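Trainee: sequence first, then the predicted structure, then my questions.
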Amino acid sequence: MTFNENKLQETYVERNAISLYFLYNDSTGNGVNKTSGDAITMKFDAGKPNTISIIKGIEGSFYPENLLEKDETLYNLDGFLIRNDRPKFTTVFPIRPKL
């Protein structure tokens with residue numbers, strides 16, 4: 001992972017990497033894009049995904065909004081759990097003074 005001023009800039013995931021991306025037009029849901037591959041690189045701009053690159057072994061599906069159940073948690077990745085007690089960024093990645 002790469003950070004700039006405490007904001008995620010880029011992340012690289014390998015081995016059975018999966019991207020589950022909820023698409024929106026303004027604030028209206030447009031569907032879900034589920035893509036997997038041997039590795040995934042995600043680049044962010046202002047904290048939002050800007051580029052998602054899938055590398056080798058690519059498989060993907062798009063589920064249009066009108067075919068989705070209304071409970072978005074049904075589309076979470078296996079084993080994914082949103083936690084309210086997650087640690088603060090600076091606890092996990094302490095800010096080091098510049099030399």
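Mentor: Structure received.

Trainee: need the nearest residue in space to the residue nearest the centre of the chain, chain neighbours excluded.
Mentor: Central residue of the chain (Cα atoms, centre = their mean): residue 19, 6.0 Å from the mean position. Spatial nearest neighbour of residue 19, chain neighbours left out: residue 35 (4.8 Å); criterion: Cβ to Cβ, 6 or more residues apart in numbering. Any C-beta I mention is one placed from the backbone N, CA and C, and that applies to glycine too.

Trainee: I'd assumed residue 62 was in contact with the one you found.
Mentor: No: counting by Cβ atoms under 8 Å, residue 35 stays clear of residue 62, with 9.1 Å between them.

Trainee: those two: which has the busier surroundings?
Mentor: residue 35 (17 against 13; other Cβ atoms under 10 Å).

Trainee: next, the contact list for the more buried one, please.
Mentor: Shown in contact with residue 35 (Cβ atoms under 8 Å, 6 or more residues apart in numbering): 18, 19, 21, 52, 54, 58, 59, 60, 61.

Trainee: good, we can wrap up now.
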